[in-house]
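here you go, sequence then predicted model.
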Amino acid sequence: MSNTLWGGRFTESTDEFVQAFTASVTFDQRMAQQDINCSRAHARMLGHVGVLSEQDVNDILSGLAAISAEIEAGEFPWSVALEDVHMNIEAELTRRIGDAGKRLHTGRSRNDQVATDIRLYVRDAIDLVCSQAKRLQTGMLTLAEAHADVIMPGFTHLQTAQPVTFGHHVMAWFEMIKRDVDRFNDCAKRVDVMPLGAAALAGTPYPIDREFSREQLGFNAVTANSLDAVSDRDFAIEFCAAAAITMTHLSRMAEELVLWSCAQFDFIELPDRFCTGSSIMPQKKNPDVPELVRGKTGRVNGHLVSLLTLMKSQPLAYNKDNQEDKEPLFDTVDTLHDSLCAFADMIPAIIPKPENMYMAAKKGFATATDLADYLVRKGLPFREAHEVVGNAVRFGVEQQRDLSEMTIEELQGFHSTITDDVFDVLTLEGSVASRSHVGGTAPAQVRQAIATARAELERTG
Ligand code: ARG
């Protein structure tokens, strides 16, 4: 069967392999509802400016409604011979309503059509992803609030650094996701521009009313240049970049959950429903959900690179290369959505083990900086204080004793200005409570940060 949509120019039908190779309908049918909405708006606009009769517009709209229902029901006869979602729907429309179906493509090209469809798709995807991200943020606030003053070791280089509160750590995750949501919202501004009307690349001689179509589709603006309109995919690249950063953030959290749930750290318990066992080792409870999210980060980062490479060096305007944007984009949406969903379910269900975290924070001289700061308050220059505490730590390592476990006489041996009040700063509680400023780890500050975050989350809905 030769393709009737461009049959006029051709003397032989498309090679069967080429037909399958160039087709996109197996994956772009996912944008069917966006495509139908785009066609509805275009038909109404053509009716509005008098290019199509009222009868034609009505026939098109009722034909599209029936097709839409059939697609929803999974009963639409998709055909690879008809290449893509656009031509499948148009051919079926024509089969149903005759000539009016053939008039739908007046003043339009698949180039502005597909560009419009993808923007509609990404717009919906951003809403979907952000609602999962916000569910995750709410879960983080629940977890952080319930354990705002639980003390754990804070790490740099994965070596004990200073004590922090568990709530503070969880709120650090919250900040990452908050910026991710901001990035998606920012990306949405550039997605929200309508290419329809650019036609193939140069616009169209018909008296189209792009404002009318824009309003129908709920876009914020229309594209300002027809060449750019059909070739631009940087809104999709931007979406994938935001997705890759979000996945990268999730992978960092995932890594911590994996570490924390192992027998050696033993900081948290992941509920059984997020783990699996081993077929050979009876004792195993593997943190599969965080591991998988960590692994899936690779493919989302890869999709970003795919899209960048796809666009690199493309001359204006539309090129068939762009058909390759869809699979990476769709898989990015699915992977990110599901990963956020898994985390939103799992994070508030984490069961911390405060005693283990506390014991871990006691190892590794986590309050050494507090002792140095104490000596500074007694008048020593910081560099000298650093040196004094270094000596005390070396002694502690030899003796296998924490600074807080030394006698006052031993401590005074390192510097004579040390008095009994030193033990206030050498305790883990004293250390975290002393960092009481905006952004600090003191439980009071963490509670304040949670309250501010919760109010903002509720405000932005
Ligand atoms: N299936 C194509 C795509 O996804 C639609 C646009 C085709 N345009 C063309 N001139 N061949 O990009």
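In hand now; what should we look at? Numbers count the residues shown, from 1 in each chain.

now do the lengthiest helix in the chain, average pLDDT.
Looking across the chain with DSSP state H, the single longest helix is helix 110-146. Average pLDDT, helix 110-146: 98.

other SSEs contacting that helix?
Here helix 110-146 touches helix 32-48, helix 85-97, helix 166-191, strand 193-194, helix 226-231, helix 234-260, helix 326-346, helix 443-460, going by 3 or more Cβ pairs under 8 Å, 6 or more residues apart in numbering; DSSP states H and E. (C-beta placed from N, C-alpha, C; glycine too.)

now the angle from that helix to helix 85-97?
For helix 110-146 against helix 85-97, the angle by axes from the mean of the first three to the mean of the last three Cα atoms, to 10 degrees is 120 degrees.

and helix 110-146 with the ligand, contact?
Yes. Applying Cβ under 6 Å from any ligand atom, one finds helix 110-146 touching the ligand at 110, 111, 114.

possible to save these as a markdown table with neighbour count?
Below are these laid out as a markdown table (neighbours: other Cβ atoms under 10 Å):
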| residue | neighbour count |
| --- | --- |
| 110 | 21 |
| 111 | 21 |
| 114 | 26 |
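
related to what we said a few turns ago, and the longest helix of the chain, which residues are buried?
110-123, 125-126, 129-145 (16 or more other Cβ atoms under 10 Å).

same thing with stretch 306-313?
For stretch 306-313, by 16+ other Cβ under 10 Å, it's 306, 307, 310, 311.

got the angle for the longest helix of the chain vs helix 32-48?
Going by the same axes, to 10 degrees, helix 110-146 makes 130 degrees with helix 32-48.

next to the ligand, which bits of the protein? Give me the list.
24, 28, 84, 110, 111, 114, 318, 320, 322, 323.

distance of the third one from residue 124?
In this view, residue 84 and residue 124 are 19 Å apart by Cβ to Cβ, to the nearest Å.

identify the residues contacting residue 276.
Residues in contact with residue 276 (Cβ atoms under 8 Å, 6 or more residues apart in numbering) are 285, 286, 288.

count of neighbours near the second one?
Residue 286 sits with 15 neighbouring residues when counted by other Cβ atoms under 10 Å.

same thing with the last one?
Around residue 288 sit 15 other residues, with neighbours defined as other Cβ under 10 Å.

nearest residue to it in space, please, no chain neighbours.
residue 276 (4.8 Å; Cβ to Cβ, 6 or more residues apart in numbering).

mind checking how far the one you found is from residue 270?
Distance, residue 276 to residue 270, using Cβ to Cβ: 11 Å.

now tabulate the contacts of residue 276 in a markdown table and tack on secondary structure, pLDDT and distance to residue 399.
Listed next are the contacts of residue 276 as a markdown table, based on DSSP: H, G, I helix; E, B strand; the rest coil; pLDDT from 0 to 100; distance: Cβ to Cβ, whole Å:
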| residue | secondary structure | pLDDT | distance to residue 399 |
| --- | --- | --- | --- |
| 285 | coil | 86 | 37 |
| 286 | strand | 93 | 39 |
| 288 | helix | 95 | 43 |
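
of all the buried residues of stretch 306-313, which two lie farthest apart?
Greatest spatial distance among these (Cβ to Cβ): 306 and 311, at 9.8 Å.

any chance you could map the strands in the stretch 351-461 of the chain?
Per DSSP state E, counting those that start in this stretch, the stretch 351-461 of the chain carries strands over the ranges 351-352.

run through this structure and note the low-pLDDT ranges.
Applying pLDDT under 70 to the chain flags residues 1-4.

between the buried residues of stretch 306-313, which sits nearest the ligand?
Of all the buried residues of stretch 306-313, the ligand sits closest to residue 310, with 11.1 Å by Cβ to the nearest ligand atom.

and for residue 459, the neighbour number?
7.

same check on residue 384?
Count around residue 384 with other Cβ under 10 Å applied: 14.

residue of the stretch 251-400 of the chain closest to the ligand, please.
Closest point on the stretch 251-400 of the chain to the ligand, by Cβ to the nearest ligand atom, is residue 323, at 3.7 Å.

show me what contacts that residue?
Residues near residue 323 by Cβ under 8 Å, 6+ apart: 24, 28, 84.

of these, grab the buried ones for ChimeraX.
In ChimeraX, this line selects whichever of these come out buried by 16+ other Cβ under 10 Å:
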select :24,28,84
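
contacts only, for residue 290.
253, 254, 255, 257, 258, 270, 274, 346.

now do 7 Å
Taking Cβ atoms under 7 Å, 6 or more residues apart in numbering, we find residue 290 in contact with 254, 257, 258.

how about residue 353?
266, 267, 268, 269.

of the residues you listed, buried ones?
Looks like the contacts of residue 353 have 267, 268 buried, using 16+ other Cβ under 10 Å.

out of the contacts of residue 353, which comes closest to residue 218?
Residue 218 lies nearest to residue 268 out of the contacts of residue 353, by Cβ to Cβ, at 44.0 Å.
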